[in-house]
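# the sequence isn't on hand, but the structure is:
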């Protein structure tokens, strides 16, 4: 009997690429035994494009309606960019499968300037992310960072129109959609840490749905799973479900069965950045992420976050 799987997704080009990628994996693995259908859902985050995310609720608004569709059994699963997910999931849903992670870095794009240090004094940089804003200002406090929303192709068009001297976007989105700019510069750790889960896909479904769990089992990548466990444990311990300047990266070493994690919290202007780092056995992934978060909280991060909340950043 043919299995039908309904995949909920946002309607952006990148979200559709991701959903179609997972659909293709299912169809390649199972052949005609599995039929897939995409259910496109417009989320609150897609409807409000003229304000910074921090002003109207943060990244959870990109998944709320999709998760409601899963809980109502209108869809069987959803494909997310892991960086779009808050620290906690609604009761009844789980992130059960993590395909192999792709590029986790950010990229600085420009028409005329080949790198971050080539931007003239006072140049305008576009990003909607407080994490990117704080880190780029920590490196170049002279820059003017302005809000930039919209899909990737829209952001690049605004750059090419001259609205910005440079913009910062996730490298993996450029790769998946085959997009480029005249000048591209990779922003990498340790100076520039990605969002939690950046470069990874998460597949969300109802935790009592054993049919979907079994269908998806083949695509799970244990090293990626461990990295995401560490990063989301850091996020959860910081209670970082809203839009604050924070990020982190876990890297697993299969050969040594170990994992390292570095995380940070910052003020919006990048004047105060608190970082910490830890490593251990891969089976300790969640503990490693949580311990880094606790040390950050205990060395000034708690006060820093309280200031952000009181100033309306959440």
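In hand now; what should we look at? A quick note: this is a predicted structure, and the numbers were derived from the prediction, not measured. Residues are numbered from 1 along each chain as shown.
# which pLDDT value goes with the nearest residue to residue 164 once chain neighbours are set aside?
Closest residue to residue 164 apart from its sequence neighbours, by CB to CB, 6 or more residues apart in numbering: residue 126 at 4.0 Å. For the C-beta atoms, the positions are set from N, CA and C on the backbone; glycine is no exception. pLDDT, residue 126: 98.
# measure residue 186 to residue 116 for me?
Per CB to CB, to the nearest Å, residue 186 is found 10 Å from residue 116.
# where in this protein is pLDDT low?
The chain contains residues with pLDDT under 70 at 1, 44-61, 240-242, 312-314.
# what residue spans form the domains of it?
1-100+200-220, 106-187, 221-314 (automatic domain parsing).
# next up, the contacts around the residue most central in space within the chain.
The chain has residue 83 as the residue nearest its centroid, 1.6 Å off, counting by CA atoms, centre = their mean. Counting by CB atoms under 8 Å, 6 or more residues apart in numbering, residue 83 makes contact with 59, 170, 194-198.
# which non-adjacent residue is nearest it?
Per CB to CB, 6+ apart, closest to residue 83 is residue 195, 3.9 Å.
# the one you found: neighbour count?
23 (other CB atoms under 10 Å).
# I'd guessed it sits against residue 247; true?
Yes. Counting by CB atoms under 8 Å, residue 247 is a contact partner of residue 195 at 5.4 Å.
# picking up where we left off before, confirm that the residue nearest to the centre of the chain sits in a helix.
Yes. The assignment for residue 83 is a helix, going by DSSP: H, G, I helix; E, B strand; the rest coil.
# returning to what we had before: joint contacts of residue 195 and residue 247?
With CB under 8 Å, 6+ apart, residue 195 and residue 247 have common neighbours residue 131.
# re earlier: any common contacting residues for residue 186 and residue 116?
residue 108.
# those two: which is more packed in?
More neighbours surround residue 116 than the other of residue 186 and residue 116, with 21 against 13 (other CB under 10 Å).
# for the more buried one, what are its contacts?
108, 136, 139-140, 166, 185, 187.
# ditto for residue 105
Here residue 105 is in contact with 170-171, 186-188, 192, 194, 199 (CB under 8 Å, 6+ apart).
# make it 6 Å
By CB atoms under 6 Å, 6 or more residues apart in numbering, the residues touching residue 105 are 171, 186, 188.
# next one: phi and psi at it?
Per-residue torsions, residue 105: phi -80, psi 170 (degrees, to the nearest 10).
# now it, nearest residue through space, not along the chain?
Closest to residue 105 by CB to CB, 6+ apart is residue 171, at 4.6 Å.
# how near is that neighbour to residue 224?
17 Å.
# who has more neighbours, those two?
residue 224 (23 against 20).
# picking that back up, could the contacts of residue 105 go into a markdown table alongside distance to residue 273 and secondary structure?
Below are the contacts of residue 105 laid out as a markdown table (distance: CB to CB, whole Å; DSSP: H, G, I helix; E, B strand; the rest coil):
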| residue | distance to residue 273 | secondary structure |
| --- | --- | --- |
| 171 | 22 | helix |
| 186 | 20 | strand |
| 188 | 16 | coil |
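# let's have those residues in CSV, adding distance to residue 290.
What follows is the contacts of residue 105, written out as CSV (distance: CB to CB, whole Å):
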residue, distance to residue 290
171, 28
186, 29
188, 25
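# quick revisit: three-state assignment of the residue nearest to residue 83?
Going by three-state DSSP: residue 195 is coil.
# contact partners for it?
Contacts of residue 195 (CB under 6 Å, 6+ apart): 83, 131, 247.
# which residues does the residue nearest to residue 164 form a beta bridge with?
Per DSSP bridges, the residues bridged to residue 126 are residue 146, residue 167.
# residue contacts, it?
146, 148, 164, 167.
# the first one: neighbouring residues, count only.
Residues near residue 146, counting by other CB under 10 Å, number 15.
# for the one 4 residues further on, same thing?
A count of neighbours around residue 150, defined by other CB under 10 Å, yields 15.
# so it, which of the three states?
Per three-state DSSP, residue 150 ends up coil.
# show the backbone phi and psi for it.
Dihedral angles (degrees, to the nearest 10) for residue 150: phi 110, psi 170.
# same question, residue 6
phi -100, psi 120.
# try residue 212
Dihedral angles (degrees, to the nearest 10) for residue 212: phi -70, psi -40.
# relative to residue 38, how far out is residue 11?
Taking CB to CB, one finds residue 11 at 9 Å from residue 38.
# what does residue 146 give?
34 Å.
# can you check residue 166 too?
34 Å.
# which one's more surrounded, these two?
residue 166 (25 against 18).
# close enough to count as contact, the more buried one and residue 127?
No. When contacts are counted by CB atoms under 6 Å, residue 166 is not listed as touching residue 127 (9.4 Å).
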